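# with the input below, show me the fold.
(one chain, ligands or ions: 2)
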Amino acid sequence: MPQDNVRVNTAWERVDEQVLKQFRDHSVANLGDALDRLNIVDGGIAPVWSGARAVGTALPVLTVAGDNKAVIAALDHIRPGDILVINAFGYDGRAVIGDNLAQRFAVHGAAGAVVDGFVRDAAIIEELRVPVFARGLTPAGPFKNGPGTIGEAVAIGGVVVNPGDIVAADGDGVIVVPPHRAEEALEAVAEIVAREAALDAEVEALRSAAR
Ligand SMILES: O=C([O-])CC(=O)C(=O)O
Ligand SMILES: [Mg+2]
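Ligands and ions are numbered 1, 2, ... in the order given. As a prediction, the model looks like this:
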């Protein structure tokens, strides 16, 4: 489907909902520990509203700094459970999404958006409860000229994101898990959860002893 200067790749698989469901039980910090503390996007990309969290399949989008033509074109390619992962080059001069696009993502069934760049309309995005993660806020609107890509690998916050990767995001930040490592990550995270519970029990014992 030619979209003039926005290239689209649709030849990739989505993650099974049963797999995504298991990732939803875990914090990003524990998932990171399960993957040797790697695969974590740099801490500059944070939730736009407190309490935002999302797990889904990466639909990568590459834009030009300050431009969102490719993001708008990506609306036609969203499938339920996708997380738009947008490389906007960390540019702080223009917002590449706002409340309007965030709502449209949600209407198409997206689980959220992770933006290596800036966004706007934060108060409304919070009211709408659309999980959006970004580097920051600016009221300046974007240009809509392209070029860009949809469904090709992008880099965000120092991590390569392939189409179809698992993305988990919460108040601490964002992790990207290639699907071929999902099983290993879920096994390892179960052990970490048990270890964390043991640490909590230790603290509780100290608290009781101090009473
Ligand atoms: O103007 C734009 O393209 C971005 C924006 O504010 C919105 O999506 O609400
Ligand atoms: Mg707006």
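
# so what's the closest residue to ligand 1 within the chain closest to, chain neighbours aside?
Per Cβ to the nearest ligand atom, residue 98 is where the chain lies closest to ligand 1, at 2.5 Å. (C-beta placed from N, C-alpha, C; glycine too.) Excluding its sequence neighbours, the residue lying closest to residue 98 (Cβ to Cβ, 6 or more residues apart in numbering) is residue 121, at 3.8 Å.

# that older thread, residue contacts, the residue of the chain closest to ligand 1?
119, 120, 121, 124, 125, 141 (Cβ atoms under 8 Å, 6 or more residues apart in numbering).

# partner residues bridging residue 7?
Residue 7 has these beta-bridge partners by DSSP bridges: residue 149.

# contacts only, for it.
Residue 7 neighbours (Cβ under 8 Å, 6+ apart): 147, 148, 149, 150, 152.

# first-to-last residue distance for stretch 23-32?
12 Å (Cα to Cα, to the nearest Å).

# which residues of this protein lie near ligand 2?
98, 100, 121 (Cβ under 5 Å from the ion).

# how does it look with 6 Å?
Residues of the chain found near ligand 2 (Cβ under 6 Å from the ion) are 98, 99, 100, 120, 121.

# what is the burial count for the last one?
Neighbours of residue 121 under the rule other Cβ atoms under 10 Å: 21.

# and it, what does it touch?
95, 98, 99, 100, 102.

# redo those as a markdown table? Include secondary structure and pLDDT.
As requested, these are exported to a markdown table (DSSP: H, G, I helix; E, B strand; the rest coil; pLDDT from 0 to 100):
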| residue | secondary structure | pLDDT |
| --- | --- | --- |
| 95 | strand | 98 |
| 98 | coil | 98 |
| 99 | helix | 98 |
| 100 | helix | 98 |
| 102 | helix | 98 |
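
# what subset of those is buried?
Neighbour-count burial (16 or more other Cβ atoms under 10 Å) is assigned, among the contacts of residue 121, to 95, 98, 99, 102.

# look up how far ligand 2 lies from the closest residue to the last one other than its chain neighbours.
So the one you mean is residue 102. Spatially, and ignoring its direct neighbours in sequence, residue 102 is nearest to residue 130 (4.2 Å; Cβ to Cβ, 6+ apart). Distance, residue 130 to ligand 2, using Cβ to the ion, to the nearest Å: 13 Å.

# likewise for residue 131?
Relative to ligand 2, and taking Cβ to the ion, residue 131 is found at 17 Å.
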